[in-house]
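Participant: Here is a sequence together with a model predicted from it:
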Amino acid sequence: MRYLTAGESHGPALTAIVEGLPSNLAVDIDDVNHQLWRRQQGYGRGGRMRIESDRVEVMSGVRFGKTMGTPVALLVHNKDWRNWSEKMAITGEAPDSVVEITKPRPGHADLAGALKYGQEDVRNVLERASARNTATMVAVGTIARQLLRRFGMEVYGHVVELGHVKVDQLEGTIPEIAERAEKSEVRVADPDAEQRIIDAITQAKADGDTLGGIFEIIVTGVPIGLGSYAHPDRKLDGRLAQSLMSIQAIKGVEIGLGFEAARRPGSQVHDEIGHRQGEYYRRSNNAGGLEGGVTNGQPLVVRAAMKPIPTLYKPLESVDMRTKEPFRATIERSDVCAVPAASVVGEAMVAWTVAQAFLEKFGGDSVEEMQDNYDNYLRRVGER
Ligand SMILES: Cc1cc2nc3c(=O)[nH]c(=O)nc-3n(C[C@H](O)[C@H](O)[C@H](O)COP(=O)(O)O)c2cc1C
Ligand SMILES: C=C(O[C@@H]1CC(C(=O)O)=C[C@@H](OP(=O)(O)O)[C@H]1O)C(=O)O
């Protein structure tokens, strides 16, 4: 199963094609739209989120609510396009009203992208480098999530740190934490931390600054044996890291204890194995559900660190590429913090990667065939 996306931030629409989905998977478009809505939420987002109200249009591959085993094409319109149709025209010459961007912004792909692709106008870089594309990533990932749900797996995400505010007190079961996170505007599991987070973002905005943070993704119901230790590019831990790092502004990924494991002796890290009522179990889940690049039957626990938004109202110094003169950029609008949104994208990317591994193991052309393969495997594993 693979996917491709296309689309500029201020172009007419974003598109995606998902190829390799099994047939007869029920596709819940309301659920896709709900996830798109969630991606637009969170305190600290900028003016663009007041313009957009993302909705998916399914252009192919689904009939009477079910996949046909053919490519599924998705479309998300950019409402902002109506304000950009001249600046982003697909044909003709650039009108005089279009001013080329020659001032690259620190923290963006602007400078490297303009040099690499030989662009005079940095807009030709930033339009595609923009995190606007994460809307299609969420649409694609939500279909993968529906495949996981069909086989008993659920994906949850929540913010665990925002700037310097730590949200340590994660009490309750994983679904309870997820439910609280979903209801909360800033999507944290700890309601006491919510106000501290809102205050931190308000302060950053007042200072002309921005904030990053850390979110955590949990997948429950994952069987033993997804991914493989047999070859580097089949290791699921590496593949999860790649898919999370493919989200704009993600600068670090941890699995299980992650960096904390490096600080502890081995006796306080590795998850002891027990056996009861015909099943293996673990006394802890410090590995985050992965050993040797293979799922071990525990919930997957993955965290990602997002850097602070690079566009600042208190702008950083840069150089005009035409004149080579220094300048400090002026900006019209930007997010101050988008960690809750990135967490929703993280859920989608983790869902995608786990679904891909699931299909590799139990692959069939229809969900029924996958179910047979899955049942057979569970029976075999259950006998050992
Ligand atoms: C959901 C989301 C929203 C974002 N919004 C903005 C924004 O409004 N302004 C901005 O400068 N960067 C924003 N970013 C981050 C930039 O897209 C990103 O830092 C930049 O493209 C450079 O890529 P890199 O940080 O992965 O190196 C956002 C990222 C995400 C995930
Ligand atoms: C459009 C989205 O995020 C955008 C990501 C982004 C960036 O540089 O990554 C910059 C901003 O775009 P604009 O300059 O149009 O305000 C964000 O709003 C979105 O999340 O849908």
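Facilitator: Ah, there it is. Numbering: from 1, shown residues only. Ligands and ions are numbered 1, 2, ... in the order given.
Participant: Quick check: G364 touching P22?
Facilitator: Yes - the criterion here is C-beta atoms under 8 Å, and G364 meets it with P22 at 6.0 Å. Just so you know, the C-beta spots here come from the backbone N, C-alpha and C atoms, and that holds for glycine as well.
Participant: What is the subsequent helix or strand relative to the lowest-mean-pLDDT helix or strand in the chain?
Facilitator: Sorting the helices and strands of the chain by mean pLDDT, DSSP states H and E puts helix 174-183 at the bottom, at a mean of 64. Toward the C-terminal end, the helix or strand that comes next after helix 174-183 (DSSP states H and E) is helix 191-206.
Participant: CA atoms of that next one as CSV?
Facilitator: Output in CSV follows, covering the C-alpha atoms of helix 191-206 (Å, rounded to 0.1, in the frame of the first residue of the first chain):
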residue,chain,number,x,y,z
PRO,A,191,-7.1,19.4,32.5
ASP,A,192,-4.9,21.2,35.1
ALA,A,193,-2.2,21.6,32.6
GLU,A,194,-4.6,23.0,30.0
GLN,A,195,-4.7,26.5,31.5
ARG,A,196,-0.9,26.6,32.0
ILE,A,197,-0.6,25.7,28.3
ILE,A,198,-3.0,28.4,27.2
ASP,A,199,-1.1,30.9,29.3
ALA,A,200,2.2,29.9,27.8
ILE,A,201,0.9,30.3,24.3
THR,A,202,-0.7,33.6,25.1
GLN,A,203,2.6,34.8,26.6
ALA,A,204,4.6,33.6,23.6
LYS,A,205,2.3,35.4,21.2
ALA,A,206,2.6,38.6,23.3
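Participant: Give me the more crowded residue out of G364 and P22.
Facilitator: P22 (21 against 15; other C-beta atoms under 10 Å).
Participant: Quick one: residues contacting the more buried one.
Facilitator: When contacts are counted by C-beta atoms under 8 Å, 6 or more residues apart in numbering, P22 is found next to 67, 69, 147, 359, 363-367, 369-370.
Participant: which among these gets closest to ligand 2?
Facilitator: Ranked by distance to ligand 2 (C-beta to the nearest ligand atom), the contacts of P22 are led by L147 at 24.6 Å.
Participant: Who are the contact partners of the closest one?
Facilitator: Shown in contact with L147 (C-beta under 8 Å, 6+ apart): 21-22, 25, 355, 358-359, 367.
Participant: and if we set it to 6 Å?
Facilitator: 25, 355 (C-beta atoms under 6 Å, 6 or more residues apart in numbering).
Participant: Could you grab the helix/strand/coil label for it?
Facilitator: helix (DSSP: H, G, I helix; E, B strand; the rest coil).
Participant: List the contacts of whichever residue of the stretch 151-300 of the chain sits closest to ligand 2.
Facilitator: In the stretch 151-300 of the chain, the residue that lies nearest ligand 2 is Q248 (5.3 Å; C-beta to the nearest ligand atom). If you count contacts by C-beta under 6 Å, 6+ apart, Q248 has them with A131.
Participant: V253 now?
Facilitator: 241, 244, 304.
Participant: Filter those down to the buried ones.
Facilitator: 241, 244, 304 (16 or more other C-beta atoms under 10 Å).
Participant: picking up where we left off before, what kind of secondary structure is the residue of the stretch 151-300 of the chain closest to ligand 2 in?
Facilitator: Secondary structure assignment for Q248 (three-state DSSP): coil.
Participant: quick revisit: okay, and the common contacts of G364 and P22?
Facilitator: What both G364 and P22 touch, as defined by C-beta under 6 Å, 6+ apart, is the set M370.
Participant: So what does the residue nearest to Y313 when sequence neighbours are not counted have for phi and psi?
Facilitator: Excluding the flanking residues, the one nearest Y313 by C-beta to C-beta, 6 or more residues apart in numbering is G208, at 3.8 Å. The phi and psi values for G208, taken as degrees, to the nearest 10, are phi 70, psi 20.
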